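[1] just coords:
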């Protein structure tokens, strides 16, 4: 009799953390976009031929950018609670991601979230930008050295411009 | 015997849950309740959070070709984290001195802090606080709280910091306030109630 009671208790004890951890770990770009669609009753447009676009981006940037994912949500009219959106993205994105920048303006109407995570020698970037009635979600893997060089070019441009 | 196995299973289950939740935490402080209120009232709120992992990762890709980059690399690879919050308000009076005091006490609670700059302008209502955390006589953290009538900024840097290198971090988003910190610090030292950092031993976090 005791064994009959013990088995389901042990099963539940193991099942609960497995389910909790599995929910946390089975995240990623698609999980975030799906959750946003469900929560705010919107439809995300996936960019056609994105695989090709990603390939072209990879070749043209000499492997500076790869693994691009893009989703665009137009006619986004739902009221957004910044805290809730931030929590939703953090939970669905999966392990390893750290939110480095969060910008909120117009009393929550505009939101920008930038998450990063080290991916070996590369850096994963996840960007969510809600601007008025449009939300863009982008994920990519960048080579930090290329990235740093590109930023450097713009900095020099900026400095040159100031000097003129 | 069976009950001992059950205890082990329950213990492991608890551990698995605890590990999962601990993964979400970083070494930096959690936002104070006041910050949430301020963010709700602000017309623009910017939050920059860089944990030790991210700083270490960024440092790997600094080639240190020039002196400034070398100094930044050296500075950030030893840091535990950088925490920046900036709130812009549409009108004056959207935050009170009580909010500022609450913020100050929240961050001060995390260790032994010594005030190095304390500036109050009664006319404009502006105030600046710069505090340093000393561990074994060495600076191990810097906290800047800058309050202007329509803007409130917090910068928290945890880890070994060198004042002479701090201005080089001003290029990082939200850390512009550090650019003239050294100058301001020297300027205010004499005319305000500033006091030099007191070395306090045994002030570990």
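    Right, received. Where do you want to start? Only a predicted model underlies this, so the values are computations on that prediction, with no experimental measurement involved.

[2] what helix or strand is the spatially most central residue of chain A on?
    By C-alpha atoms, centre = their mean, chain A has its centre lying nearest to residue A:126, at 3.5 Å. Under the criterion of DSSP states H and E, residue A:126 resides in strand A:122-131.

[3] Show residues contacting that strand.
    For strand A:122-131, contacts defined as C-beta atoms under 8 Å, 6 or more residues apart in numbering or on different chains pick out A:29, A:32, A:76, A:80, A:85, A:89, A:93, A:96-97, A:109-118, A:135-144, A:147, B:57. All C-beta spots, glycine's among them, are computed from the backbone N, C-alpha and C.

[4] Could you identify the helix or strand that succeeds the strand or helix carrying residue A:90?
    Assigned by DSSP H and E, residue A:90 falls within helix A:82-93. The helix or strand immediately downstream of helix A:82-93 is strand A:98-105, counting by DSSP H and E.

[5] quick one: pLDDT of the closest residue to residue A:78 other than its chain neighbours?
    Computed as C-beta to C-beta, 6 or more residues apart in numbering or on different chains, the closest residue to residue A:78 that is not its neighbour in sequence is residue A:40, at 4.0 Å. Per-residue confidence (pLDDT) for residue A:40: 94.

[6] Tell me where chain B has strands.
    B:44-51, B:81-88, B:113-121, B:126-135, B:138-148, B:151-158 (DSSP state E).

[7] And the third one, what does it pack against?
    Translated: strand B:113-121. On a contact count with 3 or more C-beta pairs under 8 Å, 6 or more residues apart in numbering or on different chains; DSSP states H and E, strand B:113-121 meets strand B:126-135, helix B:181-191.

[8] So which residues of chain A form helices?
    A:2-25, A:29-40, A:50-60, A:82-93, A:144-163 (DSSP state H).

[9] which residues does the residue nearest to residue A:63 when sequence neighbours are not counted contact?
    Leaving out its chain neighbours, the residue that sits closest to residue A:63 by C-beta to C-beta, 6+ apart is residue A:143, at 6.1 Å. Going by C-beta under 8 Å, 6+ apart, residue A:143 touches A:63-65, A:121-123.

[10] Recalculate using a threshold of 10 Å.
    By C-beta atoms under 10 Å, 6 or more residues apart in numbering or on different chains, the contact set of residue A:143 is A:61-66, A:121-123, A:149-150, B:61.

[11] got it, and residue A:53?
    A:47, A:68, A:70.

[12] again, only using 8 Å
    A:47, A:68.

[13] Quick one, grab the pLDDT at it.
    On the pLDDT scale, residue A:53 gets 78.

[14] Likewise for the one 5 residues further on?
    Residue A:58 carries a pLDDT value of 76.

[15] distance of it from chain B?
    Residue A:58 sits 19 Å away from chain B, going by C-beta to the nearest C-beta, to the nearest Å.

[16] coming back round to it: may I ask you to confirm that the residue nearest to residue A:78 is in contact with residue A:75?
    No: with contacts counted by C-beta atoms under 8 Å, residue A:40 stays clear of residue A:75, the gap being 10.8 Å.

[17] what about these two, which has more around it?
    Applying other C-beta atoms under 10 Å in any protein chain shown to residue A:40 and residue A:75 shows that residue A:40 carries more neighbours, namely 18 against 10.

[18] if we can go back for a sec, looking at the helices and strands packed on strand B:113-121, which one has the lowest mean pLDDT?
    helix B:181-191 - the lowest mean pLDDT of the helices and strands packed on strand B:113-121, at a mean of 46.

[19] pLDDT on the helix holding residue A:90, on average?
    Mean predicted lDDT for helix A:82-93 stands at 92.

[20] Any idea which helix or strand in chain A has the lowest mean pLDDT?
    Of all the helices and strands that make up chain A, helix A:2-25 has the lowest average by mean pLDDT, DSSP states H and E, namely a mean of 54.

[21] Kindly give the local confidence score, pLDDT, for residue 79.
    This is for chain A. For residue A:79, the model assigns a pLDDT of 87.

[22] Correction: the question concerned chain B.
    For residue B:79, pLDDT reads 89.

[23] Now do the contacts for it.
    B:52, B:55, B:157-161.

[24] What's the separation between it and residue B:142?
    10 Å (C-beta to C-beta, to the nearest Å).

[25] again with residue B:48
    15 Å.

[26] Buried among the contacts of residue A:143? Make that a ChimeraX selection.
    Buried residues within these, by 16 or more other C-beta atoms under 10 Å in any protein chain shown, are selected in ChimeraX with:
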select /A:64,65,66,122,123
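
[27] Good, we can wrap up now.
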